[in-house]
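[1] Predicted model and sequence below, questions to follow.
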Amino acid sequence: MKVFQHVSDIGDLKVAMQEAFDIKQDRFKYQTLGKNKTALLIFFNNSLRTRLSTQKAAMNLGMNVIVLDVNQGAWKLETERGVVMDGDKSEHLLEAIPVMGSYCDIIGVRSFARFENRQDDYEEKILNQFIKYSGRPVFFMESATVHPLQAFADLITIEEYWKQRTEETATVGKRPKVVLSWAPHPKALPQAVPNSFAEWMNAADVDFVVTHPEGYELDPQFVGNARVEYDQMKAFEGADFIYAKNWSCPGVTRPEDYGKVLFKDMSWTVDKRQMAVTNNAFFMHCLPVRRNMIVSDDVIESPTSIVIPEAANREISAQVVLKRMLESL
Ligand code: AN0
Ligand code: CP
């Protein structure tokens, strides 16, 4: 695997899931695969889970890891070609990328949406330059439009908990109803997490429903023909998994609204009221989460909240991806 961006990059999803469960059984099974190989993790934005879980995954595979926080100690990077660099940016991405590539075998990049221009974000201008100029396999650690390591870990988590639940209730073989719900947040957040979650759920064997206020429609390239329900309570009826997430306006119908916060309606905060109409649903969120904006204390602390095992599975999804990339070097 040379690029990890979309669900299609992982190939047969059933095979990938089996590989994930095998690795979870014995995460040190491939500890010689990465000997003398170096992963470089580049962060243009903050991170707790991605930073730690990806380092851990690389170490499980016997790799060396270098982490660079571009905004803390590196030169400020210009990203646009043709700019007269007389401002505060000392180096151009076009030199920095091949230089970084020369010190490693595999590159992971985190670079969030900038919300300056919808087209630039949705064309993945930054990540595509890494793919083009680094000469290395590149995996996305949340880009302007996708967060595939998260969605892969989410699917692993859903399969694990659904297997357990259907065995307990003697309903093995039933498809789970999975609901992606928008929830309020004070700041403008990217669409990367919901985009990837929708893309992966559409590829998985689940009954997938998305609920959000009108005007927050996700890009069709990710959400496809998934069922959209504007009434949150209706969407939650009979759900087996609730996946809460805020996103700012994707600007699909009105490009001028891209990245804006058009709604802060607190009635969308996931609380006991909505969870009561579900099928005793598991609660998920990628974290970091703002309590009592996205979800109430009661719901995130409830026995069906699986946000911690969900985050723990980030180590597993990252390890499958790194293993695949090591195998293709
Ligand atoms: C980011 C986002 O919503 O995309 C990262 C989530 C993994 N969240 C924040 O910036 C709070
Ligand atoms: N879920 C996630 O990617 O978390 P971080 O932003 O902490 O890496």
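    Happy to help now that I have it. Ligands and ions are numbered 1, 2, ... in the order given.

[2] Distance-wise, check the residue in the stretch 51-200 of the chain that ligand 2 sits nearest to relative to ligand 1.
    When you check the stretch 51-200 of the chain against ligand 2 by CB to the nearest ligand atom, the closest residue turns out to be Gln150, at 5.3 Å. Where C-beta positions appear, they are placed from N, C-alpha and C, glycine not excepted. Gln150 is 6 Å from ligand 1, where distance means CB to the nearest ligand atom, to the nearest Å.

[3] ok, now Arg118?
    16 Å.

[4] Same check on Gln274?
    21 Å.

[5] check contacts around the residue nearest to that residue when sequence neighbours are not counted.
    Nearest non-adjacent residue to Gln274, counting by CB to CB, 6 or more residues apart in numbering: Phe236, 4.9 Å away. Applying CB atoms under 8 Å, 6 or more residues apart in numbering, we find Phe236 in contact with 179, 181, 211, 242, 274-275, 277-278, 281.

[6] 6 Å instead?
    Neighbour list for Phe236: 274, 277-278 [criterion: CB atoms under 6 Å, 6 or more residues apart in numbering].

[7] what about Asn315, how many residues close to it?
    Wrong residue type there; residue 315 is Glu, not Asn. 21 (other CB atoms under 10 Å).

[8] out of the contacts of Phe236, which are buried?
    274, 278 (16 or more other CB atoms under 10 Å).

[9] Which of the contacts of Phe236 fall within strands?
    Among the contacts of Phe236, DSSP state E puts none in strands.

[10] okay if I get the contacts of Phe236 as JSON lines plus distance to Pro194 and pLDDT?
    Output for the contacts of Phe236, formatted as JSON lines (distance: CB to CB, whole Å; pLDDT from 0 to 100):
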{"residue": "Gln274", "distance to Pro194": "18", "pLDDT": "98"}
{"residue": "Val277", "distance to Pro194": "22", "pLDDT": "98"}
{"residue": "Thr278", "distance to Pro194": "19", "pLDDT": "98"}
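
[11] Please render the contacts of Phe236 as JSON lines that adds distance to Phe139 to the earlier fields.
    Output for those, formatted as JSON lines (distance: CB to CB, whole Å):
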{"residue": "Gln274", "distance to Phe139": "35"}
{"residue": "Val277", "distance to Phe139": "38"}
{"residue": "Thr278", "distance to Phe139": "34"}
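
[12] residues contacting the closest residue to ligand 1 within the stretch 101-250 of the chain?
    Relative to ligand 1, the nearest point of the stretch 101-250 of the chain is Leu189 (3.8 Å; CB to the nearest ligand atom). The contact partners of Leu189, taken as CB under 6 Å, 6+ apart, are 246-248.

[13] What is the nearest of the residues you listed to ligand 2?
    Nearest to ligand 2 out of those is Asn246 (CB to the nearest ligand atom; 13.0 Å).

[14] State the distance from the spatially closest residue to the closest one that is not a sequence neighbour to Ile306.
    Closest residue to Asn246 apart from its sequence neighbours, by CB to CB, 6+ apart: His185 at 3.5 Å. Distance, His185 to Ile306, by CB to CB, to the nearest Å: 21 Å.

[15] what number of residues lie near Glu95?
    13.

[16] Within the helices and strands, which one has it?
    Element membership for Glu95, per DSSP states H and E: helix 93-101.

[17] just the CA coordinates of that helix, formatted as PDB?
    Extracted C-alpha coordinates of helix 93-101, given in PDB (Å, rounded to 0.1, in the frame of the first residue of the first chain):
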ATOM      1  CA  LEU A  93       7.100  22.700   1.200                       C
ATOM      2  CA  LEU A  94       8.600  21.800  -2.200                       C
ATOM      3  CA  GLU A  95      12.100  21.500  -0.600                       C
ATOM      4  CA  ALA A  96      11.000  20.400   2.800                       C
ATOM      5  CA  ILE A  97       9.000  17.400   1.600                       C
ATOM      6  CA  PRO A  98      11.800  15.600  -0.300                       C
ATOM      7  CA  VAL A  99      14.200  16.400   2.500                       C
ATOM      8  CA  MET A 100      11.900  14.900   5.100                       C
ATOM      9  CA  GLY A 101      11.400  11.900   2.700                       C
END
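
[18] list the buried ones in that helix?
    Buried-residue list, helix 93-101, by 16+ other CB under 10 Å: 93, 96-97, 100-101.

[19] Over to stretch 43-52?
    Of the residues in stretch 43-52, 43-44, 47, 49-51 count as buried by neighbour count, 16+ other CB under 10 Å.

[20] Restricted to helices, list those residues.
    Among those, the members falling in helices are 49-51 (criterion: DSSP state H).

[21] Look up how far Glu19 lies from the closest residue to ligand 2 within the stretch 201-329 of the chain.
    Among the residues of the stretch 201-329 of the chain, Cys286 lies closest to ligand 2, at 4.0 Å counting by CB to the nearest ligand atom. Going from Cys286 to Glu19 by CB to CB gives 22 Å.

[22] Look at these two and report which has more neighbours.
    Of the pair Cys286 and Glu19, Cys286 is the one with more neighbours under other CB under 10 Å, namely 25 against 17.
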